[in-house]
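# Structure for this input, please:
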Amino acid sequence: MSEPKRLVNLELEQLERSDLIKLVETLLARIQVLEEQVKGQASTIQALQDQVAKNSQNSSKPPSSDGLKKQRTQSLREKAGRKVGGQAGHPGHTLRMSEQPDQIEMHRLSACPECAHDLTVVEAAAYLKRQVYDIPPLRLEVTEHRAEIKVCPQCQKSVRAAFPEGVTQPVQYGELIKAQACYLNTYQLLPMARSCELLGDFYGHQPAVALIQEANQAVAASSQPALAAIKQHLCQAAVTQHDESGIRVADKTQWLHVSSTAAVTHYGVHEKRGQVAMKALAILPNLTGRMVHDHWQPYLAFDNATHAFCNAHHLRELNFITEQYQQPWAAEMRLLLLEIKAAVTAAVPTTAALPQEQQLAFAHRYDQILQNGFAANPPPVDPPPVQRGRTKQSPPKNLLDRLDKHKAQTLAFMDDFRVPFDNNLAERDVRMVKVKQKISGAFRTQDGVSSFCTIRSYISTVRKHGRNVISAIHQALAGQPFLPTFHQRPE
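Predicted structure coming up:
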């Protein structure tokens, strides 16, 4: 035995029983403190590892947050087994021969290329045609309006004829170029200065930025009846989709709120993200159908409508738990959700919901997977002392609680085929405004972002109805905006 150990043993033998008990109690208390420290450190390490492991493929983080080292994309979509390219029945976009070309250029054959015989007087036996689609040279057309001035022989007063409506300045731009300027800025998302440069390159006359600002304000004002019709449709729709995202306005973060159906889109901006903004925009409080969203808690405060959750978010979270925590139940739940989605896709052409027996079978498997998940995430043996607020839990336990408590909202797409599997429609509508911000930076004024949201609501709705966007903007400038009409409760 080594000398230090022998000395320690001698000291322990010389201790009284009471002293020995005190020493053991002290050591046990110290061990308990160290165990708590290790437990806290392990929790912190796990949280940091979770934070580092999250990316756009396994969480709600946007792809732009992935950084320069991009993760290998793992698509959540299942392979359909179809060949790459256009599918059967797709109309395609191949140029076709025009039966009435705008102009014809004849290419004469004056001599035989084989024997050099003169063919000038020989009639053509047939023609081989080739057509070229192109744009004629562009230029602005100036229309001068002259109003007659006459002296009335009856009253001897000088009077003049009236100018057409809208012709108010000695020199001004017309509605067509204003429509194109608004289109470039709000639909193609070009910054104002670059839109002016493009018009200058096209037409040889570069307008000032003020032209686009004036056009946007005019279109936004004229689009108000369309905006009212969009809101009315959303409030009466059987299913609507909703999302929100941060947006920079006048050097501050505000929130873009989107409400969508397959027929309309509504954008609104508010300085708040939660219920205050949702109530102020006056859509969510007036819904009568079902709202689809990403399970964010403020949406659930609106009990005037039923709810459905986006399962694309669930798939990403399940991927994260599978990768980071290696819990089998998460992979099983992911496969089950995709299996139900495939069953719904196959049944859509023939019915409006899955058969009751099939729904019960899927629901039973869903519950069984949740039981396995709860078994893998038991409550702590020594729960922490009761504190104010919600007790902190692990990501797997949080997701299990949500899937258990909101089973009906998660599987809503299974018993009502009008409900989508995910919230992608609203997310796609949000994406275009985020693209606008990436290209142009922040919005400088509150009026500017409000006008943009109104115009974008209008033209997104126009596009969903298959209409020409520039023509619709021109209609709005002329005081006759496109109004979406619905003859029955929209689905």
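
# Tell me the pLDDT of Pro4.
Here the pLDDT value assigned to Pro4 is 59.

# Same question for the one 3 residues further on.
Reported pLDDT at Leu7 in the predicted model: 53.

# and what of the one 4 residues further on?
As summarised for this prediction, Glu11 has a pLDDT of 60.

# what's the answer for the one 4 residues further on, then?
Model confidence at Leu15, given as pLDDT, is 59.

# what helix or strand is the residue positioned nearest the centre of the chain on?
When CA atoms, centre = their mean is applied to the chain, the residue found nearest the centroid is Glu427 (2.2 Å). According to DSSP states H and E, Glu427 maps onto helix 424-440.

# Val167 too?
Using DSSP H and E, no helix or strand contains Val167.

# now Arg248
strand 239-249.

# Point out the other helices and strands that that strand packs with.
strand 252-260, strand 290-293, helix 424-440, helix 446-464 (3 or more CB pairs under 8 Å, 6 or more residues apart in numbering; DSSP states H and E). Using the backbone N, CA and C atoms, a C-beta is placed for each residue, glycine as well.

# Out of the ones you listed, which is closest to Gln87?
helix 424-440 (20.1 Å; CB to CB).

# could you pull out the helices for the stretch 51-200 of the chain?
Ranges of helices in the stretch 51-200 of the chain, per DSSP state H, counting those that start in this stretch, are 175-186, 192-203.

# so which strand or helix has Asn319?
Per DSSP H and E: helix 311-325 holds Asn319.

# same for that helix, what does it pack against?
helix 17-53, helix 328-347, helix 395-405.

# out of these, which comes closest to Met106?
Of all the helices and strands packed on helix 311-325, helix 328-347 comes closest under CB to CB, at 55.5 Å.

# State the separation between the closest one and the centre of the chain it belongs to.
24 Å (CA atoms, centre = their mean, to the nearest Å).

# Give me the average confidence score over whatever helix or strand comes next after that helix.
Per DSSP H and E, the first helix or strand lying C-terminal to helix 328-347 is helix 356-376. Helix 356-376 shows a mean pLDDT of 95.

# Only the buried residues of helix 356-376, if you could.
Buried residues in helix 356-376, defined by neighbour count with 16 or more other CB atoms under 10 Å: 359, 362-363, 366, 369-370, 372-374, 376.

# Can you name the residues in contact with that helix?
Outside helix 356-376, the residues that touch it by CB atoms under 8 Å, 6 or more residues apart in numbering are 327-330, 332-333, 336, 339-340, 343, 353-354, 396, 400, 403-404, 407, 411, 414-415.

# Tell me the buried residues within the residues you listed.
Buried, going by 16+ other CB under 10 Å: 327, 329-330, 332-333, 336, 340, 343, 354, 396, 400, 403, 411, 414, out of those.

# where in the stretch 251-400 of the chain is pLDDT low?
381-390 (pLDDT under 70).

# who touches stretch 93-100?
Outside stretch 93-100, the residues touching it (CB under 8 Å, 6+ apart) are 129, 131, 133.

# Using a markdown table, please lay out these together with pLDDT.
Compiled in a markdown table, these are given as follows (pLDDT from 0 to 100):
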| residue | pLDDT |
| --- | --- |
| Lys129 | 93 |
| Gln131 | 93 |
| Tyr133 | 91 |
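
# mind giving me the domain split of this protein?
231-308+428-462, 311-378+393-415 (automatic domain parsing).

# Quick check: which of these is buried the most?
domain 231-308+428-462 (a mean of 19; mean count of other CB atoms under 10 Å).

# sorry, back to before: convert the helix holding Asn319 to PDB, retaining C-alpha atoms only.
Extracted in PDB, the C-alpha atoms of helix 311-325 (Å, rounded to 0.1, in the frame of the first residue of the first chain):
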ATOM      1  CA  ASN A 311     -46.900  19.000 -41.300                       C
ATOM      2  CA  ALA A 312     -43.900  20.100 -43.200                       C
ATOM      3  CA  HIS A 313     -42.800  21.800 -40.000                       C
ATOM      4  CA  HIS A 314     -43.400  18.500 -38.200                       C
ATOM      5  CA  LEU A 315     -41.300  16.500 -40.700                       C
ATOM      6  CA  ARG A 316     -38.400  18.900 -40.200                       C
ATOM      7  CA  GLU A 317     -38.600  18.700 -36.400                       C
ATOM      8  CA  LEU A 318     -38.900  14.900 -36.600                       C
ATOM      9  CA  ASN A 319     -35.800  14.900 -38.800                       C
ATOM     10  CA  PHE A 320     -34.000  16.900 -36.100                       C
ATOM     11  CA  ILE A 321     -34.900  14.600 -33.300                       C
ATOM     12  CA  THR A 322     -33.900  11.500 -35.400                       C
ATOM     13  CA  GLU A 323     -30.500  13.100 -36.200                       C
ATOM     14  CA  GLN A 324     -29.700  14.700 -32.800                       C
ATOM     15  CA  TYR A 325     -31.400  12.400 -30.300                       C
END
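
# how far out from the middle of the chain is that helix?
Taking mean C-alpha positions (CA atoms, centre = their mean), helix 311-325 and its chain are 20 Å apart.

# i'd like the first residue to be 706 from this point on
Okay, residue one is now 706; in that scheme the one you just asked about reads as helix 1016-1030.

# what is the orientation angle of that helix with helix 722-758?
130 degrees (axes from the mean of the first three to the mean of the last three CA atoms, to 10 degrees).

# what angle separates helix 1016-1030 from helix 1061-1081?
30 degrees.

# relative to helix 1033-1052, how tilted is helix 1016-1030?
Using the same axes, to 10 degrees, helix 1016-1030 lies at 150 degrees relative to helix 1033-1052.

# out of the helices of the stretch 756-905 of the chain, which comes closest to Val826?
helix 897-908 (45.9 Å).

# Go through the helices and strands packed on helix 1016-1030 and name the closest to Leu843.
That would be helix 1033-1052 among the helices and strands packed on helix 1016-1030, by CB to CB, at 46.9 Å.

# hmm, who's touching the closest one?
Contacts of helix 1033-1052 (CB under 8 Å, 6+ apart): 783, 1016, 1019-1020, 1023-1024, 1026-1027, 1059, 1063, 1067, 1070-1071, 1074-1075, 1077-1078, 1081, 1101, 1104, 1108, 1116, 1118-1119, 1122, 1126.

# switch to 7 Å and redo it
783, 1016, 1019-1020, 1023-1024, 1026-1027, 1059, 1063, 1067, 1070-1071, 1074, 1077-1078, 1081, 1118-1119, 1122, 1126 (CB atoms under 7 Å, 6 or more residues apart in numbering).
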